[in-house]
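Engineer: sequence first, predicted coordinates after that:
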Amino acid sequence: MFSHIRILNERPESSWIDVSASVSAVVKAHDHHRQIPLKLVEERSHALHATWTLVHLMDDSSPLKGFDSTNSHTTNLVAVTVLISGTDQIFGSTLHATHTYYTNEILFNRDFVPVLQYASDRLIVYTEKLHETVEAVQ
């Protein structure tokens, strides 16, 4: 099983370059919270022009192993945090973006619908479909 997070470059006039992503699971540990890094299939991208889907394999070594909609309220998982860093292609400034997804925002057994269409002279991004999902194919 895979866990997917899709991100969007909201500045289409300027790409992010030398982009890195890190994702962590926030879990309850006794009287405090702990962040556990999640391994991504790809942690770096040369450029972020439109969208990027971050993928975490939920195998035996994953802290998310066994987490699904049936036990989301009994697990120690509190949230998943995402940090994206890169460089603005035009100005050369460092960019950072972060977001936290709480367990009630996580969908199970779903796949993202396509949002990119390649035309002869440009790339079309259907941003209105960014969060749309369909039943996952097993």
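Structural biologist: Okay, I see it. From a predicted model like this one, the values you see are computed outputs, not experimental measurements.

Engineer: which elements pack onto the biggest strand by length in the chain?
Structural biologist: The longest strand of the chain (DSSP state E) is strand 16-29. Other elements packing on strand 16-29 under the criterion 3 or more Cβ pairs under 8 Å, 6 or more residues apart in numbering; DSSP states H and E are strand 32-38, strand 44-48, strand 51-57, strand 77-88. (C-beta placed from N, C-alpha, C; glycine too.)

Engineer: including mean neighbour count and mean pLDDT, could those strands go into TSV?
Structural biologist: Shown next, in TSV, are the helices and strands packed on strand 16-29 (neighbours: other Cβ atoms under 10 Å; pLDDT from 0 to 100):
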stretch	mean neighbour count	mean pLDDT
strand 32-38	13	91
strand 44-48	15	94
strand 51-57	17	91
strand 77-88	18	93
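
Engineer: is it possible to get TSV of those strands that adds distance to residue 98?
Structural biologist: Output for the helices and strands packed on strand 16-29, formatted as TSV (distance: least, Cβ to Cβ, whole Å):
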stretch	distance to residue 98
strand 32-38	12
strand 44-48	15
strand 51-57	13
strand 77-88	5
